[in-house]
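Visitor: need the 3D shape of this:
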Amino acid sequence: MPLLTAAPILAFLEQQPTIHFYEKLGFTCNANWDGYLMFHRDQISIHLWRCDDENIPKNTGCYIYVDEIDALYQECSHLGIVHPNGKLETKPWKLRQFSILDNSGNIIHFGQHLV
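Guide: You can find the predicted model right below:
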């Protein structure tokens, strides 16, 4: 039986700013329970759980594989959320990649396979 998909589960510190951040990034909030959020955009789902320890999101993140990385990079650049050390570049592991930080400090890497 093949695996089909995965959804990262990240921590968040404040609910409304988190909803605003991910909606600004083009995600739709499709579940909002007390202390738990679920977002989707295209084929990607991201779940987030409420925590009070700001060190947790600052030490977690996820990697999302994409197509059209240049367009997504422009989108994120205009939003001012590209990580200071995460500019778009070609990595030795044959991916074009950039990174953002969400409002709680989670790092999200976006990468596109080079053909």
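Visitor: so which residues make contact with the host helix or strand of Ile46?
Guide: Per DSSP states H and E, Ile46 falls inside strand 44-50. With C-beta atoms under 8 Å, 6 or more residues apart in numbering as the test, strand 44-50 has contacts from 5, 7-13, 15, 18, 22, 27, 35-40, 62, 64. Quick note: C-beta positions are derived from backbone N, CA and C, even for glycine.
Visitor: that one: partners in the sheet, and parallel or antiparallel?
Guide: strand 9-12 (parallel), strand 36-41 (antiparallel) (DSSP bridges).
Visitor: please convert these to TSV, extending it with mean pLDDT.
Guide: Putting these into TSV (pLDDT from 0 to 100) gives the following:
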stretch	mean pLDDT
strand 9-12	98
strand 36-41	97
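Visitor: Glu75 is nearest to which of these?
Guide: Glu75 sits nearest to strand 36-41 of all the strands paired with strand 44-50, at 11.1 Å, using C-beta to C-beta.
Visitor: chain center to the closest one: distance?
Guide: 11 Å (C-alpha atoms, centre = their mean, to the nearest Å).
Visitor: and what of stretch 82-95?
Guide: Computed by C-alpha atoms, centre = their mean, the chain-centroid distance of stretch 82-95 equals 15 Å.
Visitor: now the strand holding Ile46: buried residues?
Guide: Ile44, Ser45, Ile46, Leu48, Arg50 (16 or more other C-beta atoms under 10 Å).
Visitor: for this protein, just list every one of the strands.
Guide: 9-12, 28-33, 36-41, 44-50, 61-65, 89-91, 95-101, 107-113 (DSSP state E).
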